[in-house]
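1. Structure, please.
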Amino acid sequence: MPDDDLDPVIHAPARLRVVATLVGLGRGDSISFPRLQQLLDMTAGNLSTHLRKLEEAEYVTITKTFEGRQPATFVALTETGRGAFERYSRRLRALLGDAS
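-> Predicted coordinates for the structure are as follows:
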């Protein structure tokens, strides 16, 4: 299986970490941007850049709201994103299995 079969949106290491973290949430669940940033130990700017790419691919949704008077941003994996991660994982396992 050639490497180009791996989804390039997910294959970037930082985006892979984001999606792998989000897939651990329940379907329909979201996580706050600051909590995701903390879990991944990423700067806000770096995380925002990668989330934008994932959002453009319709792999995540970003919801901006208010908690009291404070703005709050939440991130959730879409069903499209969940499916893409599952396909990516299968292809990666197949690629690694062929290498041994």
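2. Which strand or helix spans residue 76?
-> Following DSSP states H and E, one finds residue 76 within strand 70-77.
3. can you pull the buried residues of that strand?
-> Across strand 70-77, burial judged by 16 or more other C-beta atoms under 10 Å covers 73-77. From N, CA and C alone the C-beta is placed, and that goes for glycine too.
4. Just checking the distance from it to the centre of its chain.
-> 14 Å (C-alpha atoms, centre = their mean, to the nearest Å).
5. before we move on, what about stretch 58-65?
-> Relative to its chain's centre, stretch 58-65 lies at 11 Å (C-alpha atoms, centre = their mean).
6. show me what contacts residue 6?
-> Applying C-beta atoms under 8 Å, 6 or more residues apart in numbering to residue 6 gives the contacts 88, 91-92, 95.
7. Show me which of those are buried.
-> The buried subset of those - by 16+ other C-beta under 10 Å - is 88, 91-92.
8. Now render the buried residues of strand 70-77 as a markdown table, adding distance to residue 33.
-> As requested, the buried residues of strand 70-77 are arranged in a markdown table below (distance: C-beta to C-beta, whole Å):
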| residue | distance to residue 33 |
| --- | --- |
| 73 | 4 |
| 74 | 7 |
| 75 | 6 |
| 76 | 11 |
| 77 | 14 |
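9. which one's the longest helix in this protein?
-> The longest helix of the chain (DSSP state H) is helix 79-99.
10. what's the angle between the helix or strand of the chain with the lowest mean pLDDT and strand 70-77?
-> Here the helix or strand of the chain ranked lowest by mean pLDDT, DSSP states H and E is helix 79-99, holding a mean of 89. Between helix 79-99 and strand 70-77, the angle comes out at 50 degrees (axes from the mean of the first three to the mean of the last three C-alpha atoms, to 10 degrees).
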